[in-house]
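> turn this into a structure:
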Amino acid sequence: MTELTLGKALGAGLRRAMLDDDKVVLLGEDIGKLGGVFRITDGLLDEFGAQRVIDTPLAESGIVGMAVGLAFRGYRPVVEIQFDGFVYPAFDQIVAQVAKLHYRTQGRVKMPITIRIPWAGGIGAAEHHSESPEAYFVHTAGLRVIAVSNPDDAYRSLRQAIASDDPVIFFEPKRLYHHKGEVDLDAALADSAPMGLARVVREGSAATLITYGAMVTTALQAADAAEDEGISLEVIDLRSLSPVDYDTVAASVRKTGRVVVAHEASREAGVAAEVIASITERCFEYLESAPLRVTGHDVPYPPAKLEKYHLPDLDRLLDAVDRVLDRPNSLTGADA
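From the prediction side, this is the model:
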């Protein structure tokens, strides 16, 4: 095991994928000479050359369109979208081409494209640099959607995404790029857990917290704080947002009977809404209280000085836990 930051683990995953398969090519703005705005691809141009690490124009639709052409010719392109809010110019290519060509050609054409997106807030960035657009892609049939939360998952899941014949939207929580963890650099993909499995990060019995990305860290902090009051919380990292591993989710809900789902994205029609609806369909008779969402607010992402009021935090998570446990909370008052 090697201790790496999440950013370095992603870089190591890209390097390993390129060593394993010479059809893996990287495309993106400033990913070559600069090494990417977050330096994820640093050093790869020197090692693999400009034919495999390609600096592109500032045109996301063109970048993804080029990836579609490369996939047609048998390559495995990995696209970097520089920031989450820059993915929208490529939306037509992703939804109308990348997601549909395998189906449209009755399986004759594969789209083994991985689209990496530095994602979500918490870094005090400018407009269009802190958005959470995952629900658009979860709603789009034909795409896998992955969101990682730690260095080892980042390394393993990125290699799995690149090796997959399905197109993968790969979300990387940029506020965790410098967080460190142990990574098994020698792990064989065949021995790794499948890409779509959720992970029980912490076992508990009183309620289930379900989340993904950087919010996993916040959920674990909430579980630690709740433990001080004698409340045992189970924390699940979804990892895969499409498809969702409902077997793991349902097993936890049937054990605890109470659910809180959290994410940074807006509340309306978000991933949490789908997860809660699916839990209700599968586990209604096990629920002891109505499932709750803790999310970002239904506003455009705010300026940096206000983002702390937008992002779900420890207090909001714990208040939701109090509500599903029928404890005094922000709605009933402290003395209820």
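> for Thr5, give me phi and psi.
Main-chain torsions, Thr5, degrees, to the nearest 10: phi -70, psi 160.
> can you say which helix or strand has Glu47 in it?
Per DSSP states H and E, Glu47 falls inside helix 44-48.
> check which residues of that helix are buried.
44-45, 48 (16 or more other C-beta atoms under 10 Å). C-betas here are computed from N, CA, C, even on glycine.
> ok, now stretch 187-205?
192, 195-196, 198-199, 201-202, 204.
> any chance of those residues in TSV, with distance to Leu314 too?
Compiled in TSV, those are given as follows (distance: C-beta to C-beta, whole Å):
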residue	distance to Leu314
Ser192	32
Met195	30
Gly196	29
Ala198	22
Arg199	21
Val201	16
Arg202	15
Gly204	16
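> one step back: residues in contact with the helix holding Glu47?
Contact with helix 44-48 is made by 11, 14-15, 18, 26, 31-33, 35, 53, as judged by C-beta atoms under 8 Å, 6 or more residues apart in numbering.
> quick one, phi/psi of the closest residue to Pro312 other than its chain neighbours?
By the measure of C-beta to C-beta, 6 or more residues apart in numbering, the closest residue to Pro312 outside its immediate chain neighbours is Val294, 4.7 Å from it. Dihedral pair for Val294: phi -130, psi 110, per degrees, to the nearest 10.
> what residues are up against Val294?
By C-beta under 8 Å, 6+ apart, the contact set of Val294 is 260-262, 272, 312, 316-317, 320.
> now go through these and say which are in helices.
With helices taken from DSSP state H, the overlap with those comprises 272, 316-317, 320.
> looking at the buried residues of helix 44-48, which is nearest Glu131?
Among the buried residues of helix 44-48, Leu44 lies closest to Glu131 (C-beta to C-beta), at 26.4 Å.
> what mean pLDDT does stretch 108-116 have?
Mean per-residue pLDDT for stretch 108-116: 97.
> could you do stretch 27-43 as well?
Stretch 27-43 shows a mean pLDDT of 97.
> mind checking the end-to-end distance for that stretch?
Chord length of stretch 27-43, first to last residue, is 15 Å (C-alpha to C-alpha, to the nearest Å).
> what sits up against it?
7, 10-11, 14, 26, 44-45, 50, 53-58, 63, 66-67, 70, 77-83, 116, 118, 172, 174, 177.
> change it to 7 Å
Here stretch 27-43 makes contact (C-beta atoms under 7 Å, 6 or more residues apart in numbering) with 7, 10-11, 14, 26, 45, 50, 53-56, 58, 63, 66-67, 77, 79-80, 82, 118, 174, 177.
> buried ones among those residues?
Buried among the contacts of stretch 27-43 (16+ other C-beta under 10 Å): 7, 10-11, 14, 26, 45, 53-54, 56, 63, 66-67, 77, 79-80, 82, 118, 174, 177.
> filter the residues you listed down to the ones in helices?
7, 10-11, 14, 45, 63, 66-67.
> can you put the ones in helices among the contacts of Val294 in JSON lines and add pLDDT, neighbour count and distance to Thr218?
Compiled in JSON lines, those are given as follows (pLDDT from 0 to 100; neighbours: other C-beta atoms under 10 Å; distance: C-beta to C-beta, whole Å):
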{"residue": "Ala272", "pLDDT": "98", "neighbour count": "23", "distance to Thr218": "14"}
{"residue": "Arg316", "pLDDT": "97", "neighbour count": "17", "distance to Thr218": "9"}
{"residue": "Leu317", "pLDDT": "97", "neighbour count": "25", "distance to Thr218": "6"}
{"residue": "Ala320", "pLDDT": "97", "neighbour count": "25", "distance to Thr218": "12"}
